[in-house]
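Student: I would like the atomic coordinates for the input below:
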Amino acid sequence: MSPDVDRLFVAWRRCGDAEALAAVYDATAPSLLRIALHHVRQPALAEDLVQATFLAAIERAGSYDEDRPLAGWLVGILHNQAKWRMRQERRAVDPSRVSGEPPPDPLQVAADAEFTQQVDDAIAGLPDVYQPVLRLSLKHHLSAAEIAHALDRPAGTVRSQIARGLELLRAALPAGAALVAAFAGLLPTRGL
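Tutor: Sure, this is the predicted structure:
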């Protein structure tokens, strides 16, 4: 880089001459890009680093010492920008390591487990014909047609067994659990 570049930068700093700043950029960017490629291996990141260097140089133009070469000052800024970027990348959270959902509420997990146990106990107390139908419907979310195929029963019979089994299950569950089951959509109510 030539002393002309130093004078152009000083001219820009004193007068705000945009053409002088453009000439400084054109003269220094290629060598800064080569240096940036030693810090980051990807050309696009190196170009970003050069632009960040010039933005920082523009912001800190008042701290430039005219008695020293501009090239050394810009290389120092580039080096600091590269260090800052590496620190930021180290701090960045890896999305693959972070779960997108918050941890479950322990109280809710305990309540869900208790409710599931109450439903399992109530199903176990029902007549044998309803137990497999309700387990496949409620636990495995199979449709009446899928249950009919799995149990080798007619689909109409399975639909009737699901409806009757749910009525029996509602009666077998404690009052609070039956209310929770109705709100959870496990036990459909009669009607449309």
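
Student: can you pull the contacts of residue 147?
Tutor: Residues counted as contacts of residue 147 (C-beta atoms under 8 Å, 6 or more residues apart in numbering) are 133, 136-137, 153, 158, 162. In short, each C-beta sits where N, CA and C put it, glycine included.

Student: give me the element it is part of.
Tutor: Taking DSSP states H and E as the definition, residue 147 sits inside helix 144-151.

Student: quick one: buried residues of that helix?
Tutor: Taking 16 or more other C-beta atoms under 10 Å as the neighbour-count basis, helix 144-151 is seen to contain the buried residues 144, 147-148, 151.

Student: picking that back up, of the contacts of residue 147, which belong to strands?
Tutor: Among the contacts of residue 147, no member is found in strands (DSSP state E).

Student: These in helices, which ones?
Tutor: Among these, the subset assigned to helices under DSSP state H consists of 133, 158, 162.

Student: quick one: low-confidence parts of the protein?
Tutor: Within the chain, the stretches with pLDDT under 70 are 1-3, 97, 99, 176-192.

Student: Please, where are all the helices along it?
Tutor: Using DSSP H, the helices of the chain run over 3-15, 18-39, 43-59, 70-91, 106-124, 131-134, 144-151, 155-172, 175-184.

Student: other SSEs contacting the fourth one?
Tutor: Yep, that's helix 70-91 we're talking about. For helix 70-91, the contact count by 3 or more C-beta pairs under 8 Å, 6 or more residues apart in numbering; DSSP states H and E identifies helix 3-15, helix 18-39, helix 43-59 as packing neighbours.
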